[in-house]
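Visitor: When you get a sec, could you give me coordinates for this:
(one chain, ligands or ions: 1)
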Amino acid sequence: MANAKPRTTALKAKLFEKIEAFRPRTQKLNKEFGNVVIDSVNIGQAIGGARDVRCLVTDISYLDPQEGIRFRGKTIPETFAALPRKAGFEQPTVESFFYFLLTGDVPTAEQALEVEADWRSRAEVPAYVFDVLRAMPRDTHPMTMFSTAVLAMQRESVFAHRYAEGMKKTDYWDATYEDAMNLLAKLPHIAAYIYRMKYKGDTHIEPDAKLDFGGNFAHMMGIAKPYDDVSRMYFILHSDHESGNVSAHTTHLVASALSDPYYAFSAGLNGLAGPLHGLANQEVLGWIQNVMKKLGGKIPTEEELKAFLWDTLKGGQVIPGYGHAVLRKTDPRYTAQMEYCQKHLPDDPLFKLVNMIYKVAPGVLTEHGKTKNPWPNVDAQSGVIQWYYGVREWDFYTVEFGVGRALGVLANIVWDRGLGYAIERPKSVTTAMLEQWAAAGGRKGKEE
Ligand code: CMX
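Guide: Numbering: from 1, shown residues only. As a prediction, the model looks like this:
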């Protein structure tokens with residue numbers, strides 16, 4: 001794979017055209033307006049995880065604290081309404097969404113099919129990846145397995161191979177694109193393989209070349225319709241959340257050193273595996289099951305639920321699925337999934353319980369008084385749908401998040417290289433310096 005000739009497809013030609021047209025804008029900003037001040041950093045931001053510091057650029061998605069995510073300028077409902085659907089599908093294909101994410105243009109049905117054919121031609125997972133997975137202790141967390149499988153494939157990197165041959169800087173995006181497409185095409189198979197190896201008696205289902213990304217994933221998981229549509233929706237909703245979240249930022253950061261997309265995405269997955277980020281979706285299910293276990297399997301009343309929420313907070317733990325570093329309202333990804341549940345599984349007891357948590361938790365969190373955002377995020381609702389369709393092994397949920405997140409972070413690093421973004425290297429200071437500037441009422445001049 002590493003020495004495969006660069007391919008020319010309609011999507012790639014279009015992307016090249018877009019990058020070429022866009023690049024002068026970035027270059028002009030950098031050269032002529034580099035000194036224009038757009039923000040200042042305070043001590044709280046330096047210590048507190050760089051909240052609100054505007055030092056990342058992406059045109060792929062934007063997160064408004066009140067409104068939530070927009071993909072390429074479109075809200076979630078607008079995105080789902082705009083994308084073409086295949087006959088019999090309730091949801092758009094992941095392929096059509098990826099075309100949109102990458103180029104900013106809504107594809108025709110035919111253009112979406114071209115992506116499907118392209119991914120199909122790249123979908124074969126090298127046999128050694130399965131050997132690596134099989135060599136790991138079976139109780140290894142599935143996220144560790146997923147990240148390891150991605151990293152194991154680094155030897156396939158077109159970027160690394162062409163870089164070693166002296167590739168020109170203007171070709172970086174092309175090699176990154178090849179790696180991104182090769183990786184994306186393989187992720188559903190790898191994820192489903194991990195699932196069935198760990199939880200389904202090591203019995204496997206071969207991919208079906210006739211199926212799209214989401215359909216094939218559902219097929220290889222061994223789950224009947226409408227899980228194909230559930231998967232399409234899930235992957236699209238989890239794809240991108242602008243650039244500052246841990247998985248997107250990590251992927252961007254690692255790729256900025258010109259580490260290839262395999263290194264970069266594997267690193268991003270390791271960030272996604274944190275309980276304050278993507279792992280929260282498994283934590284939500286674990287928390288709910290724990291509540292029900294304590295009540296002998298019974299659904300709690302609102303009062304009982306309140307008491308459990310307080311117990312969790314008093315125990316020094318967070319309420320998983322609630323709060324957000326940027327959002328200040330209910331996450332529209334939560335709402336989209338809630339609407340899906342209302343339509344398809346309105347009487348499901350777990351859905352009802354999650355709705356009850358939505359009714360009770362914001363009040364408890366507000367009374368607790370710490371979080372800036374007492375509203376639910378994407379992870380509060382996603383597990384219910386998986387559980388309903390039979391994926392009850394909740395430690396797998398973050399792997400599914402990771403498959404979706406790949407779409408956004410890989411599209412982003414293709415553009416990073418296309419626009420020639422620099423290696424990331426913010427400046428650190430010492431605590432003594434902060435104390436000195438605090439006493440002086442700010443950092444005056446450029447003494448350090
Ligand atoms: N439960 C309890 N306490 C919470 C809380 C929650 N859900 N959300 C925030 N807080 C606390 C913080 O821990 C922090 O406490 P300290 O001052 O003691 O450190 C305080 O409230 C202020 O936090 P914040 O500014 O409101 O939120 P942050 O930007 O620091 O953190 C997040 C954001 C998501 C990590 C946090 O809300 C959280 O831990 N939520 C639960 C985990 C979760 O659902 N994560 C998934 C987020 C979406 C995703 O990435 O997938």
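Visitor: can we go C-alpha only for contacts and neighbour counts from here?
Guide: OK.
Visitor: quick one: secondary structure of residue 278?
Guide: Following DSSP: H, G, I helix; E, B strand; the rest coil, we place residue 278 in the coil state.
Visitor: er, residue 424 actually
Guide: Recorded secondary structure, residue 424: coil (three-state DSSP).
Visitor: What's the local residue count around it?
Guide: 13 (other CA atoms under 10 Å).
Visitor: and it, what is it in contact with?
Guide: 253, 256, 257 (CA atoms under 8 Å, 6 or more residues apart in numbering).
Visitor: hang on, residue 70 in a strand?
Guide: Yes: per three-state DSSP, residue 70 lies within a strand segment.
Visitor: what does this structure put close to the ligand?
Guide: Taking CA under 6 Å from any ligand atom, the part of the chain that reaches the ligand is made up of 276-278, 280, 313, 318-325, 370-373, 377, 379.
Visitor: Buried subset of those residues, written for ChimeraX?
Guide: To isolate the buried members of the residues of the chain next to the ligand in ChimeraX, using 16 or more other CA atoms under 10 Å:
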select :276,277,278,280,318,319,320,321,322,323,324,371,373,377,379
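Visitor: Domain ranges for this protein, per the record?
Guide: 43-277+393-435, 279-392 (the TED database).
Visitor: any idea which element the residue in the stretch 51-200 of the chain positioned nearest to the ligand lies in?
Guide: Residue nearest to the ligand within the stretch 51-200 of the chain: residue 51 (7.4 Å; CA to the nearest ligand atom). Counting by DSSP states H and E, no helix or strand carries residue 51.
Visitor: How about it, nearest residue that isn't a chain neighbour?
Guide: residue 45 (5.6 Å; CA to CA, 6 or more residues apart in numbering).
Visitor: That neighbour reaches residue 54, doesn't it?
Guide: No: using CA atoms under 8 Å, residue 45 is not in contact with residue 54; the gap is 11.1 Å.
Visitor: Contact partners for whichever residue of the stretch 151-300 of the chain sits closest to the ligand?
Guide: Closest to the ligand within the stretch 151-300 of the chain is residue 277: 3.5 Å, counting by CA to the nearest ligand atom. Going by CA under 8 Å, 6+ apart, residue 277 touches 246, 271.
Visitor: just the strands in the chain please.
Guide: 61-64, 68-71 (DSSP state E).
Visitor: pLDDT on the first one, on average?
Guide: To tie it back to what came earlier, the one meant is strand 61-64. Taken as a whole, strand 61-64 has a mean pLDDT of 98.
Visitor: And the contacts of it?
Guide: 69, 70, 71, 72, 73, 240, 241, 242, 326, 327.
Visitor: Point to the helix or strand of the chain where mean pLDDT is at its lowest.
Guide: helix 280-294 (a mean of 92; mean pLDDT, DSSP states H and E).
Visitor: quick one: that helix to chain centroid distance?
Guide: Put simply, helix 280-294 sits 22 Å off its chain's centre (CA atoms, centre = their mean, to the nearest Å).
Visitor: Pick the most buried one from the strands of the chain.
Guide: strand 68-71 (a mean of 22; mean count of other CA atoms under 10 Å).
Visitor: tell me what that strand is packed against?
Guide: Applying 3 or more CA pairs under 8 Å, 6 or more residues apart in numbering; DSSP states H and E, one finds that strand 68-71 contacts strand 61-64, helix 76-82.
Visitor: Great, nothing more from me.
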